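> Just the structure for this:
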Amino acid sequence: MTSTHHRRPSTSSHHHNLPPLSPSISRPRPIPPSNPPEPPLTLLHSTTSPITPYRSTSRAPLDVEDEKSRKKRKWWKVKVGNGMYNDIRNRIPWYISDWTDAWNYRVIPSTWFIFFANVLPGLAFSLDLIETTGQYGVQEVLLSSFMAAFVASFLGGQPLLISGVTGPITVFNKTIYDIFENKANGPDYLHFIGWTYLWAAIFHWIAAVMNAVQGLKYVTRFSCDTFGFYVAAVYVQYGIQVVTRQFGQTSTPSAFLGIILAILTLVLPHYFNAVAKSGYINKHFRRFCADYGMPITIIAMTGLAYWGRFDQYVLESGMTLPTTPTSFQPASDRPWLVRFWQLEGKWVGTALPFGLVLFILFYFDANVSSLIAQGSEYPLRKPPGFHWDFFLLGITTFIAGLLGIPAPNGLIPQAPLHTASLVVMGYEDDSNNSSTTAVSPTPERTSLEARDRERDIQLGEMENGHGNSSNKAGQDGLTRRMSSGTGQIRRRRNSSNGEEVFTSKEKKDDDRREVPVAVVEQRVSNLAQGCLCLILMTKPFEHVLGLIPKGVLAGLFWYMGSDALLSSGVTAKILYLIRDRRATSPSEPLHNVRKSRILWFTIIELIGFGATFAITQTIAAIGFPIIIMLLVPLRILLVPRLGFSEEELAILDGAVASPFTMESVGGSI
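Okay, here's the model as predicted:
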């Protein structure tokens, strides 16, 4: 299926094929440079390669003019709703292609992968909230995930963004419960949460209308890496909490069984990733390991728990997820509608500061997850929609309070993992022309090669989900040829004397590296994983969900947390500091930064992480979003005064997304 929405214009003759863009986003995503960042090794996590900024030279005079007009613009002169208007105007022309582009195999493994990566951690994060408050259950968590996926798929400006129940929102809700649990004449919990969510939703709507999302221009990789490091540590911490709580909920042998299942669930996905990164077997098998390694592990470990003599222990009460006796029924047999407007007036005002704190959390968490999901390492083409998506987040937050379910929010690392799972790989080629060696051209051979080239183009279109893209990306002298199923078709010819020879392009296949050339940008994978969450709310499937041992969920936490820690920018700098310089690549950008500055920058990131993690372990955990937001002014105001040169900061830190994406929020610093 072809679509003109995806053609990259190489000359002005192609501009009429592109949907119109507003003045704020005046051009399609530029072609990546000839030396793009290193691709993800397993496509399950983003790269930590430095960003190479690139810019379309044909629009340079307009860029200078826009920059001057932006500087002259007064901060108090705000065009109300202008950000949302531009987001909608830019995204609507791509809406049909968002659905038609889903006719692509990459959507299938992406759906299954993100379904397991979203729903199971969400349920595991909510275990403490479910067991402590008694106000939430599995049904509420599943409904929250479905609502977020439904709204993002049909209305969202960035449909690749995965939202669901996160660790921070469970900490937030549980802290509110702990504050009022033993208070005499305290408020009804769900009524108070409903007002908290309503106040937060109002702040969301005001911020979106007043274009306050443009504050993202000050968010750099320093803040994202620090916050991502914190989220990864929370995953590991929650996994430990799940297995340790089982010693008080079940017998000792059952608790040790949970630990065994957790360790196996941690190790096996890393083993699949190691196979995917190796050169063994073939590319199809390695890509299969990368796509389905984690879902296979979850199913296999759940089956192992019921194999042999283990079943007598896994069937004990408290070993598996708690489920409700009926379908689509909330916890405590309450009605779905929470009449929070019946809350006493004195508590309505008390809920206001809690709503403000929740707004701060979502402002940073949701927008940062969206930024990372649209990072420069992903060759995205379609415009973003930060202001509009933040307005929609206010709507889902309000509905969550009305239904008495945890408020969904942008997920880290699930959101960038979803984008990475939709990456289409291709090969670099130094020439647009292919020639044969040791074979004299004949009309029959020329005709055969023409048919083969046409077949390659068609296979490339099938992999990429659209046509006429593989021959458009050669503007900078670099031709990238799509691979079918990430495999490369090698055509062998028989010469007149029976010798087998290869074309010159085939000889270079082993020398060229595989790079990301496209992303299947569509709305179906997010909607499909949300619908799977809705299906799990039915009694037969919820029963199956209730068979999953908590130890498997703990191992999933450990795997996702450890994988995020290993791929973190903070970890990369720590490893560079302790690695022998002779064992690092000569092209490593950190070679151009003084080690003392790398050490100092890393220490600041770890201090920010430590402060955020420490406050969540105290009664003041409700204020941890404020600590997270302070990372931004810390980077802008303090870090440049600590002896870093501009060149060093450019290497250590930088914009999270491409200039095209950042134009939606007024550019980047």
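
> Go through the host helix or strand of residue 558 and flag the buried ones.
Using DSSP states H and E, the element containing residue 558 is helix 550-566. Under the neighbour-count criterion of 16 or more other CB atoms under 10 Å, helix 550-566 has 550-565 buried. Every C-beta, even on glycine, is put in place using the N, C-alpha and C of the backbone.

> And the helices in the stretch 201-350 of the chain, which stretches?
Here the stretch 201-350 of the chain has its helices, by DSSP state H, counting those that start in this stretch, at 221-249, 252-277, 283-305, 311-314, 345-373.

> just the CA coordinates of the shortest one, formatted as CSV?
Put plainly, it is helix 311-314. The C-alpha coordinates for helix 311-314 follow below in CSV (Å, rounded to 0.1, in the frame of the first residue of the first chain):
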residue,chain,number,x,y,z
ASP,A,311,1.7,-26.6,41.6
GLN,A,312,0.9,-27.3,45.3
TYR,A,313,2.9,-24.2,46.3
VAL,A,314,1.8,-21.8,43.5
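
> helices and strands around it, which ones?
Contacts defined by 3 or more CB pairs under 8 Å, 6 or more residues apart in numbering; DSSP states H and E place helix 311-314 against helix 252-277.

> what pLDDT, on average, does the helix it packs on get?
For helix 252-277, mean pLDDT rounds to 92.

> For it, buried residues please.
By neighbour count on 16+ other CB under 10 Å, the buried set for helix 252-277 is 254-262, 264-266, 268-270, 272-273, 275-276.

> Surely residue 110 touches residue 421?
Yes: counting by CB atoms under 8 Å, residue 110 does reach residue 421; the two are 4.1 Å apart.

> and for these two, which residues touch both?
With contacts defined as CB atoms under 8 Å, 6 or more residues apart in numbering, the residues shared by residue 110 and residue 421 are residue 291.

> Can you name the helix or strand that residue 517 falls in?
For residue 517, the host element (DSSP H and E) is strand 514-519.

> what helices or strands is that strand leaning on?
strand 423-429, strand 479-482.

> Would you single out the least confident of those?
When I compare the helices and strands packed on strand 514-519, strand 479-482 is least confident, with a mean of 36.

> Now do the one helix or strand residue 114 maps to: which elements does it pack against?
For residue 114, the host element (DSSP H and E) is helix 107-133. Helices and strands touching helix 107-133, by 3+ CB pairs under 8 Å, 6+ apart, are helix 138-155, strand 163-164, helix 167-180, helix 221-249, helix 283-305, helix 414-421, helix 524-536, helix 550-566.

> So which of those is nearest residue 654?
With CB to CB as the criterion, residue 654 lies closest to helix 221-249 of the helices and strands packed on helix 107-133, at 5.7 Å.

> quick one: average pLDDT of that closest one?
Per-residue scores along helix 221-249 average to 88.

> and it with helix 107-133, angle?
60 degrees (axes from the mean of the first three to the mean of the last three CA atoms, to 10 degrees).

> list the buried ones in helix 221-249?
So helix 221-249, judged by 16+ other CB under 10 Å, has buried residues 221-239, 242-243, 245-246.

> One more: stretch 146-158?
Applying 16+ other CB under 10 Å to stretch 146-158 flags 146, 147, 148, 149, 150, 151, 152, 153, 155, 156, 157, 158 as buried.

> what about the first one, distance to residue 182?
I take that to be residue 146. Going from residue 146 to residue 182 by CB to CB, to the nearest Å gives 34 Å.
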